[in-house]
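S.K.: Return atomic coordinates for the entry below.
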Amino acid sequence: MRHLTSFVWLLVFGLAVGWLGLAAAEDDARQVEAADTPQLVIPGVNHGGIRDWVPVDDFTLLIQDNFRKWYRVKLVVPSRQLAYAENLGFVTGPSGILDNTGAIVVRGQTYPIASITASEGPKRQRR
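M.R.: Coordinates of the predicted model:
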């Protein structure tokens, strides 16, 4: 009988701790979702929809579409050739929309896209 009582108390305690852990994880997930910026897509890329692009670093690229909106594109892996590239290729789906399932081609190497978010464009330099 003593073992059964201990087992029941352990079960109740385990369920309470597990429930509290799930509640804390759910709160953390809500905070992460609120902190994340929305993922965007760039339409019409396969029909000349890119007006300009500026490399920021090995992981980041700023892209301007034909409507003069700027997007910050983060790559999954770094591209050391991005700063020296004269042209880029874009891998899109059949609809021609560039999203986080697409990729950027630099000098024959394909770099998958991690995220696309809104940006204000490159910093302007004073002359």
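S.K.: doesn't Trp53 fall inside a helix?
M.R.: No - Trp53 sits outside any helix when classified using DSSP: H, G, I helix; E, B strand; the rest coil, being strand.
S.K.: per-residue pLDDT, the closest residue in space to it that isn't next to it in sequence?
M.R.: Among residues not flanking Trp53 along the chain, Ile63 sits closest, at 4.8 Å (Cβ to Cβ, 6 or more residues apart in numbering). To be clear about C-beta, it is placed using only N, CA and C from the backbone, and glycine gets the same treatment. pLDDT, Ile63: 93.
S.K.: For Ile63, grab the count of nearby residues.
M.R.: Number of residues near Ile63 (other Cβ atoms under 10 Å) recorded here: 24.
S.K.: Please apply the same query to Ala83.
M.R.: Counted with other Cβ under 10 Å, residues neighbouring Ala83 total 13.
S.K.: Same check on Gln39?
M.R.: Residues within reach of Gln39, counting by other Cβ under 10 Å, total 11.
S.K.: tell me the secondary structure for the residue nearest the centre of the chain?
M.R.: Nearest to the mean C-alpha position of the chain, counting by Cα atoms, centre = their mean, stands Ser115 at 2.5 Å. Recorded secondary structure, Ser115: strand (three-state DSSP).
S.K.: My guess is it contacts Lys74. True?
M.R.: Yes - between Ser115 and Lys74 a contact is recorded at 4.8 Å, counting by Cβ atoms under 8 Å.
S.K.: Give me the phi and psi angles of Asn46.
M.R.: In terms of degrees, to the nearest 10, the main-chain angles of Asn46 are phi -80, psi 0.
S.K.: oh, I was asking about Ser6
M.R.: Note on Ser6: its backbone torsions stand at phi -60, psi -40 [degrees, to the nearest 10].
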